[in-house]
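A.B. asks: Below is the sequence, then the predicted model.
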Amino acid sequence: VRSALSTLEVLRPRRLSEALAALGAGERPVPMAGGTDLFVYLNAGTQSGARFLDLSLLAELRGVRAGAREIVLGAGTTFWEIRNHEAIRRRLPSLAQAAAEVGAWQIQHRATIGGNIANASPAGDSLPVLLAHEATVLVASSRGERRVRFDDLYTGYRRLAIEADELILSVSLPVPPSDAVPFFRKVGTRRAQSISKVVFCALASRGRGGKLESMRLAFGSMAPTPLRARAAEAAWLEGGRSGAEAAREALSRDLAPIDDIRSDRAYRQQVAENLLTQFARVLAAR
Ligand SMILES: Cc1cc2nc3c(=O)[nH]c(=O)nc-3n(C[C@H](O)[C@H](O)[C@H](O)COP(=O)(O)OP(=O)(O)OC[C@H]3O[C@@H](n4cnc5c(N)ncnc54)[C@H](O)[C@@H]3O)c2cc1C
């Protein structure tokens, strides 16, 4: 690594209160979970700070609690744990699917959902899933705890509505109704181990008589932040039998994809429309 490790200091608190006190005072350490993003930055010499706060011993950040109405994941839950968790696979299949597509097994064993959220890459694979499921993030500092709606979390490119002295403790997802239709798809340059060109999660549910009641469409890698395609959602709900077509047309009002080294704007827009078509087929078959 280009940053000399010997010059770095790592704090290893065993209690959450100690971790929060360290973040609240003086030279603030950088939180470190699995290190799969941080070590890349250290290697590239782009990570600022020489003090790190290892979160791996904090019991408060571990474990999944699956209740009847919501599933709460500690921020330190790895993608390996998520993809193999029975209740998540059954009740939040899009999250299990996204977890199974993060990097390779080695990365999945270390990478945490809290790190994916805090790293705030627009290409983070779990983020559209958390958006479509209307997740809530619990954060804490020595000043207390508060909840942030996932919808309000990203305020700009890699900018979060979380203060520098706050840690993410957990993320909660309401359990969708049993007849809800989930859909997840990551599109990259190859079938596995690629960074997303477009990542998409949808969740729809019907009311009595089979009428669509709720439609959530969330995209990653299409804008500086992950985002809900709200114009497309409304068009789908109002469009009756031709709702999917109306949603595809409305999509250009929601998305302003970027050109970058991975893809150009026109390709991303076309892929996003194709993903709506795929989801419409899945929905029609249920
Ligand atoms: C080879 C490789 C392949 C990858 N493939 C994918 C992929 O396919 N999809 C994908 O989405 N990502 C991928 N990543 C990126 C990375 O693995 C994920 O973003 C991962 O979820 C980061 O989690 P971590 O625990 O390793 O975070 P860390 O690297 O430890 O931390 C990342 C950031 O989050 C902050 N942080 C961590 N935990 C907390 C917390 N509880 N509270 C506040 N801040 C916190 C850290 O300070 C840091 O800024 C890949 C990385 C590598 C090296």
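C.D. replies: In hand now; what should we look at?
A.B. asks: can you tell me the average pLDDT over stretch 242-249?
C.D. replies: The pLDDT scores in stretch 242-249 average 95.
A.B. asks: cool, stretch 171-190 as well?
C.D. replies: Throughout stretch 171-190, pLDDT has a mean value of 93.
A.B. asks: which ones are touching the residue of the stretch 101-250 of the chain found nearest the ligand?
C.D. replies: With Cβ to the nearest ligand atom, the shortest gap between the stretch 101-250 of the chain and the ligand falls at Gly115, namely 2.1 Å. Using the backbone N, CA and C atoms, a C-beta is placed for each residue, glycine as well. For Gly115, the contact set (Cβ atoms under 8 Å, 6 or more residues apart in numbering) comprises 33-34, 36-37, 75.
A.B. asks: Columns pLDDT and secondary structure on top of those residues, output as CSV?
C.D. replies: What follows is the contacts of Gly115, written out as CSV (pLDDT from 0 to 100; DSSP: H, G, I helix; E, B strand; the rest coil):
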residue, pLDDT, secondary structure
Ala33, 98, coil
Gly34, 98, coil
Thr36, 97, coil
Asp37, 96, coil
Ala75, 98, coil
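A.B. asks: Among those residues, which one has the most neighbours?
C.D. replies: Ala33 (28 neighbours; other Cβ atoms under 10 Å).
A.B. asks: is it true that that one touches Ser56?
C.D. replies: Yes - judged on Cβ atoms under 8 Å, Ala33 makes contact with Ser56 at a distance of 7.1 Å.
A.B. asks: just to revisit the earlier point, export the contacts of Gly115 to JSON lines and append columns for distance to Glu249.
C.D. replies: Formatted as JSON lines, these follow (distance: Cβ to Cβ, whole Å):
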{"residue": "Ala33", "distance to Glu249": "41"}
{"residue": "Gly34", "distance to Glu249": "41"}
{"residue": "Thr36", "distance to Glu249": "39"}
{"residue": "Asp37", "distance to Glu249": "37"}
{"residue": "Ala75", "distance to Glu249": "39"}
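A.B. asks: and those as CSV, adding distance to the ligand?
C.D. replies: Listed next are these as CSV, based on distance: Cβ to the nearest ligand atom, whole Å:
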residue, distance to the ligand
Ala33, 3
Gly34, 3
Thr36, 3
Asp37, 3
Ala75, 4
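A.B. asks: shared neighbours of Ala33 and Ser56, which are they?
C.D. replies: In contact with both Ala33 and Ser56: Gly76, using Cβ under 8 Å, 6+ apart.
A.B. asks: Quick check: mean pLDDT of the strand or helix carrying the residue of the stretch 101-250 of the chain closest to the ligand?
C.D. replies: If you go by DSSP states H and E, Gly115 is part of helix 113-119. Here helix 113-119 scores 98 as its mean pLDDT.
A.B. asks: What's the first helix or strand after it?
C.D. replies: helix 127-132.
A.B. asks: send the alpha carbons of that next one over as PDB?
C.D. replies: Provided in PDB are the C-alpha atoms of helix 127-132 (Å, rounded to 0.1, in the frame of the first residue of the first chain):
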ATOM      1  CA  LEU A 127     -28.800   1.100  -1.900                       C
ATOM      2  CA  PRO A 128     -31.700   0.900  -4.500                       C
ATOM      3  CA  VAL A 129     -33.000  -2.100  -2.500                       C
ATOM      4  CA  LEU A 130     -33.100   0.000   0.700                       C
ATOM      5  CA  LEU A 131     -34.700   2.900  -1.200                       C
ATOM      6  CA  ALA A 132     -37.400   0.700  -2.700                       C
END
